[in-house]
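In: Attaching a predicted model along with its sequence, questions to come.
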Amino acid sequence: MIIEDMMIRNVHTLTPESTLAQAIEKMAELKIRHLPILDSSQKVIGILTDRDIKEFSPSPFQPADSRELFDTKVKDIMTTPVITGHPLDFVEEIALLFMEEQIGCLPIVSDGKLIGMVTETDLLHTLIQLTGAKQPGSQIEVKVPDRAGMLFEVAGIIRKNHSNIHSVLVYPDKKDENYKILVFRVQTMNPMSVIDDLREEGHDVLWPQLPNHPL
C-alpha cells in the first residue's frame, strides 16, 4: 500500500504569523495533536505539536502578565526543519521513518506543496486493516523452512479446506535463521481441520495448539 491511499487529505494548518492562542484553540476544537505551518505558497516550513505547545505555554500559576505569551507567533516555537513524505512512498517505508526519526506525524508533499498528512494513529489503523484483525476469523502460525515455494504450499492446504485467507505475514524465526514463521488470518472460526491437514503434510503449526500439542 502507498501513502496516497491512506493519508489524511483534509489537513488543518496554520501560518507562521498565527499565535500560540490560536494554535491551542484549533487543536482543542478539532481534537488534533499536530499542525503543519505553511507559508504563502503552501510550502511546509514547520510543524507544531501538542508537545511544543505544552512546553511553551505559560503555567496557570504564573503571574497574569505572563499571559502575553499566548500572543507568541507560531514561527517562534514551531519545529524545523520538517521531515516530509511523498504520496507514492510505501506504508512500510513510512513506518520505518517514524521509528527511526521518532516522529508522531508526517506531512505529505508533492510538487513542493502539502497534499496530506499521516500520523501514528493512521499507521496503526492501516496495520489493523492490512492484517484483517477486525474481521471475524482465526489466526494460524506455521513454522516453515526458509526456501522458495513454502508460502504457496501452505496456502494451498488452506485453500483445499475452502478457507478464505484475509492476510499473510512472514517474519524470521528468532531461534533459527533457517526458518520463517507464516502468520495467516483465515475466514473460519474453527481452523482445526486446516491444522490437521497442515500437520499431516509435516508442517509445524505453532498456533493454535491442539490439546495433545501443548505449548
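Out: Sure thing, it's come through. This is a predicted model, so every value here is computed, not measured.
In: Which helix or which strand is home to Val109?
Out: For Val109, the element it lies in under DSSP states H and E is strand 105-110.
In: again, but for Asp52
Out: With DSSP H and E as the test, Asp52 turns up in helix 50-56.
In: Now do the domain split for this structure, please.
Out: Following automatic domain parsing, one gets these domains for the chain: 3-128, 134-207.
In: and the helix holding Asp52, which residues are buried?
Out: 50, 52-53 (16 or more other CB atoms under 10 Å). In this view, the C-beta of every residue, glycine as well, is placed from N, C-alpha and C.
In: of all those, which comes closest to Pro36?
Out: Closest approach to Pro36 among the buried residues of helix 50-56 (CB to CB): Asp52, at 12.5 Å.
In: For Thr72, see how far away that closest one is.
Out: Computed as CB to CB, to the nearest Å, the Asp52 to Thr72 distance reads 11 Å.
In: Summarise which helices and strands the lowest-mean-pLDDT helix or strand in the chain is packed against.
Out: For the chain, the helix or strand with the lowest mean confidence is helix 50-56, at a mean of 87 (criterion: mean pLDDT, DSSP states H and E). Packed against helix 50-56 by the contact rule (3 or more CB pairs under 8 Å, 6 or more residues apart in numbering; DSSP states H and E) you find helix 20-30.
In: Quick one: name whatever helix or strand follows the helix it packs on.
Out: Moving toward the C-terminus from helix 20-30, the next helix or strand (DSSP H and E) is strand 34-38.
In: any residues touching that following strand, and which ones?
Out: Residues from elsewhere that reach strand 34-38 (CB atoms under 8 Å, 6 or more residues apart in numbering): 11-16, 18, 23, 26-27, 44-50, 74-75, 78, 82, 104-105, 107, 114, 117, 119.
In: Centre-most residue in the protein?
Out: Centroid-nearest residue in the chain: Leu123, 1.7 Å away (criterion: CA atoms, centre = their mean).
In: Now do the closest residue to that residue other than its chain neighbours: how many residues are near it, please.
Out: Nearest residue to Leu123, sequence neighbours excluded (CB to CB, 6 or more residues apart in numbering): Ala95, at 5.5 Å. Neighbourhood size, Ala95 [other CB atoms under 10 Å]: 16.
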